[in-house]
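Novice: 3D model of this:
(2 chains)
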Amino acid sequence: MPSNPYRRMRRQMVAVLLAFGLVPLLAMGVAGYVANRAAIETRTRNLLEAMVKNRKATIDLFLEDRMRDLELVAASFSAEALTDEARLDALLAQLRREHGGIIDLGLIDSEGVHRAYVGPYNLRDRIYRDQDWFEHVMVQGRYESDVFLGFRRFPHMVMAVRKRDAGRDWVLRATIDTGMLSALVREGGIESGAEVFILNRAGEYQTATAAHHQLMARSDLGPLPVHSGVRVVERRRGGSTEFIATIWLRGGAWVLVARQEAPGLSQLLNAHPAVLGVFIAGLVLVPLLALVVVKARLRQIRAMEIERASLFESAAQAQKMAAIGRLAASVAHEINNPLAIIDAQVGVLSDSLDDLSGVGEASEWRARLAKIGAQVDRARKVTHRLLGFSRRLGPDIEPVDVAAALEETVSFVEREALASSIRIVREVERDLPLVRTSLAQMQQVFLNLINNAIDAVGAGGEVRTRVRAVKDGVEVTIADNGPGIPPRDLERIFEPFFSTKSGERVHSGLGLAICKDVMQTLGGRISVASTVGKGTCFTLWFPLEAEVRDVGP
Amino acid sequence: MSDLRLLLVDDEVEFLEPTAARLARRGVECTAVTSGEDAVRELEANAFDCAVVDVKMPGMDGLELLRRITRDFPDVPVILLTGHASVELGVKGMELGAFEYLLKPVEFDVMLDTIRRAAAMRSA
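Specialist: You can find the predicted model right below:
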């Protein structure tokens, strides 16, 4: 049998089952994912928005505080007092104690000369006259710088306020440690996993972030548009989506940014481990089930194919034998008639020779005629044997010793039965009448039933046969001590194609149907009795004189 | 002197003629005809102790003739003779009342013996 159609059938069946199993599962998964993602996205947006608002307040407060400190100092002391570096140093120490975050303090005169300075750098007498910020503070009254690294590569910003004293302008300048600012900003992102930082107008980092962004480096976001209030946007980055919440600080000088990746598949699944479990179990079980089901179905189909093929083969074989039989019969017939004529002619010549006893050649002629007669005889035997062969296809009625016929059949199978430790016990009544029936067909029935019994009992079982004379005939029983047949199956046991047998041998389910057919043809009867767990017994009855019903052409 | 009158029916003249001659030699008075119709005419005209009938013949075949004889001339035993040996045919012939069923080519002595037995049964 070619394996290709089976492989294709298997592929198709598996594909169909997979589609039926996996499509709803995947659809449910996708629907769940979409619904969940929308919910989580909304939550993320709200969270980011709340976070930047909250941080903005904190940062504003921080910067405002520093500026107020500076203004307070400027307002509280005279320029003269502030040029005294010892006083200035005491002030710086007090400010540091109270708030921290102030690194140095200095007083600059209206010419831009750093007249007094306390702090870690040597900035006294530096001249700021030409610097933009100096001009800015002289005009605006206050100044806050962006963050810069300065001489010592360390992030800081400058705050300055103008002070009027005795008709002269002074500038009080302080350097603020923005490390504290970074810490304040970062704090906001810790609970949500978001990245929070400040950019200036040019899009440069003003605070360090958890990631490795260099302070003052250009952010990948670039310069951001100024807007009022909070804005949350969605942006593709790499393979994923991120949410970016922005709020502007210090009148548009800085922007506070919180960015967070949109929830990915893995986050969603982590949020619902049970759903993930069901999904994965489905993904594994559906194909597994599909394979198991397909395998079982294919095995069934293949068994059916084999059964059909063997049925077809035996039917074809029977047809072939019947055709050969018919051919043999017609050939024999065509030859028999000429043989009869030759025989008759030879007979007449032999008779005539008796009248010619005086002729010298008579004895030689007689010898030659005898040889012709012998050859006719030889040909007759051939044709009669051929006709005998064709006759075997139809019932050949003759007196049969039923016990001997059964014994002969048993002897065919006994060796095989003994090999499986199956005992065959015979019980024969004396003085049985001869039965006029077809020996071959009777033996076919015996063979079928004994083989069935041997199959039923299995190793170590027992098969009992009994032959006895009954009214108008002979009865044969063939019993086994096998598992028996349930009543439901027993009703159908003589139906064609019904079989309870399974296993490696292929059964047509025709055996008992044929037995029944043969018994009817011979005018006999077949019946069965069975008890589950005890065994099965077939009873055959042959009439003394077979009334052959099915007379063929 | 013939002790037995036989009607021999076969469409093969080549078989009929020598067989009739041999039987006549052994005291069987043979009337040989080549068809069932001729056989019926002979039976109507003359009395016979036995009939040997070939089964396969054109026109009225052997089984048909057998039916006619058992119906119209029930005291004439019929021996069927054929080259076609099918048991069914034999069984059917016996059922229709044939005395015996012989297979061609039959040994001459067997045929003669069968004819004598048939005739003897009739006179008994």
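
Novice: May I see the buried residues of the worst-scoring helix or strand of chain B on mean pLDDT?
Specialist: Scoring the helices and strands of chain B by mean pLDDT, DSSP states H and E places helix B:87-95 at the bottom, with a mean of 76. The neighbour-count check on helix B:87-95 (16 or more other Cβ atoms under 10 Å in any protein chain shown) flags B:87, B:89-93 as buried. Heads up, the C-betas are built off the backbone N, CA and C, glycines and all.

Novice: other SSEs contacting the helix or strand just after it?
Specialist: Under the assignment DSSP states H and E, the closest C-terminal helix or strand after helix B:87-95 is strand B:100-103. Counting contacts by 3 or more Cβ pairs under 8 Å, 6 or more residues apart in numbering or on different chains; DSSP states H and E, strand B:100-103 packs against strand B:78-82, helix B:87-95, helix B:108-123.

Novice: try it again with 6 Å
Specialist: Strand B:100-103 sits against strand B:78-82, with contacts defined as 3 or more Cβ pairs under 6 Å, 6 or more residues apart in numbering or on different chains; DSSP states H and E.

Novice: hmm, who's touching the strand it packs on?
Specialist: The contact list for strand B:78-82 (Cβ atoms under 6 Å, 6 or more residues apart in numbering or on different chains) reads B:51-56, B:62, B:66, B:69, B:93, B:98-102, B:114, B:118.

Novice: Of all residues in the stretch 51-200 of chain A, which one is closest to chain B?
Specialist: Going by Cβ to the nearest Cβ, chain B is nearest to residue A:193 of the stretch 51-200 of chain A, at 99.8 Å.

Novice: One more: the stretch 251-400 of chain A?
Specialist: Per Cβ to the nearest Cβ, residue A:336 is where the stretch 251-400 of chain A lies closest to chain B, at 3.2 Å.

Novice: Cross-check the contact I'm expecting between that residue and residue B:104.
Specialist: Yes: counting by Cβ atoms under 6 Å, residue A:336 touches residue B:104, with 4.7 Å between them.

Novice: Can you pick out the residue with more neighbours from those two?
Specialist: Applying other Cβ atoms under 10 Å in any protein chain shown to residue A:336 and residue B:104 shows that residue B:104 carries more neighbours, namely 29 against 24.

Novice: pLDDT score for that one?
Specialist: With respect to pLDDT, residue B:104 scores 86.

Novice: What does it show for phi and psi?
Specialist: Here is the backbone geometry of residue B:104 (degrees, to the nearest 10): phi -70, psi 150.

Novice: what's near enough to touch it?
Specialist: Counting by Cβ under 6 Å, 6+ apart, residue B:104 makes contact with A:336, A:340, B:83.

Novice: how about the helices in the stretch 401-550 of chain A?
Specialist: A:402-419, A:439-457, A:487-492, A:511-521 (DSSP state H, counting those that start in this stretch).

Novice: Would you mind pulling the contact partners of stretch A:483-493?
Specialist: A:498, A:500, A:512, A:530-536.

Novice: wait, what's in contact with residue 101?
Specialist: I went with chain A, as the question did not name one. Contacts of residue A:101 (Cβ under 6 Å, 6+ apart): A:176-177, A:180.

Novice: I was thinking of chain B, sorry if that wasn't clear
Specialist: B:80, B:90, B:93 are the contacts of residue B:101 under Cβ under 6 Å, 6+ apart.

Novice: Ok, residue A:282 next?
Specialist: residue A:25 are the contacts of residue A:282 under Cβ under 6 Å, 6+ apart.

Novice: Phi, psi for it please.
Specialist: phi -60, psi -50.

Novice: likewise residue A:483?
Specialist: phi -70, psi -10.

Novice: Local confidence estimate at it?
Specialist: pLDDT recorded at residue A:483 is 90.

Novice: Now stretch A:73-82: buried residues?
Specialist: Applying 16+ other Cβ under 10 Å to stretch A:73-82 flags A:73-74, A:77, A:79, A:82 as buried.

Novice: ok, and the most crowded of the contacts of residue A:101?
Specialist: residue A:176 leads these on contacts (other Cβ under 10 Å) with 26 neighbours.

Novice: and that one, what is it in contact with?
Specialist: A:66, A:101, A:157, A:159.

Novice: picking up where we left off before, for the residue of the stretch 51-200 of chain A closest to chain B, helix, strand, or coil?
Specialist: Assigned by DSSP: H, G, I helix; E, B strand; the rest coil, the conformation of residue A:193 is coil.

Novice: same deal with the one 3 residues further on?
Specialist: Using three-state DSSP, the secondary structure recorded for residue A:196 is strand.

Novice: Near the residue of chain B found nearest chain A, how many other residues are there?
Specialist: The nearest approach of chain B to chain A comes at residue B:83, 3.2 Å away (Cβ to the nearest Cβ). A total of 24 residues lie near residue B:83 under the criterion other Cβ under 10 Å.

Novice: which residue sits closest to it, ignoring its sequence neighbours?
Specialist: Nearest residue to residue B:83 in three dimensions, chain neighbours excluded: residue A:336, at 3.2 Å (Cβ to Cβ, 6 or more residues apart in numbering or on different chains).

Novice: cool, and residue A:141?
Specialist: residue A:162 (4.8 Å).

Novice: I'd say the one you found and residue A:142 touch.
Specialist: No: under the criterion of Cβ under 6 Å, residue A:162 is not in contact with residue A:142, lying 7.2 Å apart.

Novice: okay, these two: which has more neighbours?
Specialist: residue A:162 (20 against 15).

Novice: so what's that one bridging to?
Specialist: Going by DSSP bridges, residue A:162 is paired in beta bridges with residue A:171.

Novice: tell me the contacts of it?
Specialist: A:137, A:141, A:169, A:171.

Novice: Compute the distance between residue A:494 and residue A:258, please.
Specialist: Residue A:494 sits 87 Å away from residue A:258, going by Cβ to Cβ, to the nearest Å.

Novice: When those two are compared, which one has more neighbours?
Specialist: Each of residue A:494 and residue A:258 has its neighbours counted (other Cβ under 10 Å); residue A:258 has more, 26 against 18.

Novice: Could you list the paired strands of the helix or strand harbouring the more buried one along with their orientation?
Specialist: Per DSSP H and E: residue A:258 is located in strand A:254-261. Partners of strand A:254-261 in the sheet, by DSSP bridges, are strand A:195-200 (antiparallel), strand A:240-249 (antiparallel).

Novice: Switch the buried residues of helix B:87-95 over to CSV; also include distance to chain A.
Specialist: As requested, the buried residues of helix B:87-95 are exported to CSV (distance: Cβ to the nearest Cβ, whole Å):
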residue, distance to chain A
B:87, 5
B:89, 10
B:90, 10
B:91, 7
B:92, 7
B:93, 12
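
Novice: got the contacts of stretch A:483-493 as JSON lines, with pLDDT and distance to residue B:38 columns?
Specialist: Below are the contacts of stretch A:483-493 laid out as JSON lines (pLDDT from 0 to 100; distance: Cβ to Cβ, whole Å):
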{"residue": "A:498", "pLDDT": "67", "distance to residue B:38": "58"}
{"residue": "A:500", "pLDDT": "65", "distance to residue B:38": "64"}
{"residue": "A:512", "pLDDT": "81", "distance to residue B:38": "54"}
{"residue": "A:530", "pLDDT": "91", "distance to residue B:38": "64"}
{"residue": "A:531", "pLDDT": "91", "distance to residue B:38": "69"}
{"residue": "A:532", "pLDDT": "90", "distance to residue B:38": "71"}
{"residue": "A:533", "pLDDT": "89", "distance to residue B:38": "74"}
{"residue": "A:534", "pLDDT": "91", "distance to residue B:38": "70"}
{"residue": "A:535", "pLDDT": "91", "distance to residue B:38": "67"}
{"residue": "A:536", "pLDDT": "93", "distance to residue B:38": "63"}
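
Novice: Could you list which of the residues you listed belong to strands?
Specialist: Mapping those onto strands (DSSP state E) picks out A:530-531, A:535-536.

Novice: residues in chain B within reach of chain A, list them.
Specialist: Residues of chain B found near chain A (Cβ under 6 Å from any Cβ of the partner chain) are B:14-15, B:18-19, B:21-22, B:25, B:83-85, B:87-88, B:104-105, B:108.
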